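> Only the shape, not the letters, is given here:
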């Protein structure tokens with residue numbers, strides 16, 4: 001009886017592994033087809049960049065400005081407040 005249960009459990013494991021392998025192949029082909037359609041709709045989405053103010057760190061603020069200049073309206077930049085620990089709700093809302 002134990003041998004039968006062990007054989008049954010291993011057979012179920014093999015079927016599970018083979019079944020998962022086939023679905024990932026289907027997902028890969030689906031991702032390839034959506035990638036080509038996403039490239040045609042590249043301007044329909046926005047990317048938000050939330051940085052500190054210039055007084056906190058000028059480098060990250062300037063990098064966000066460069067991204068905005070390079071990609072235009074696709075990039076939305078905002079800064080979190082200097083006292084972000086005290087203004088937690090504002091930071092989360094942004």
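On my side now, so go ahead. Just so it is clear, the structure is predicted and the values come from calculations on it, not from any experiment.
> Enumerate every residue touching residue 68.
For residue 68, the contact set (CB atoms under 8 Å, 6 or more residues apart in numbering) comprises 49, 75, 77. No exception for glycine: its C-beta is placed from N, CA and C like everyone else's.
> Pipe those into CSV and attach pLDDT, secondary structure and distance to residue 83 per row.
Putting the contacts of residue 68 into CSV (pLDDT from 0 to 100; DSSP: H, G, I helix; E, B strand; the rest coil; distance: CB to CB, whole Å) gives the following:
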residue, pLDDT, secondary structure, distance to residue 83
49, 90, strand, 20
75, 91, strand, 26
77, 91, strand, 20
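> ChimeraX command for the buried members of these?
To isolate the buried ones among the contacts of residue 68 in ChimeraX, judged by 16 or more other CB atoms under 10 Å, type:
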select :49,75
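> Would you enumerate the residues in contact with the nearest residue to residue 48 once chain neighbours are set aside?
By the measure of CB to CB, 6 or more residues apart in numbering, the closest residue to residue 48 outside its immediate chain neighbours is residue 76, 4.8 Å from it. Residues in contact with residue 76, defined by CB under 8 Å, 6+ apart, are 46, 47, 48, 49.
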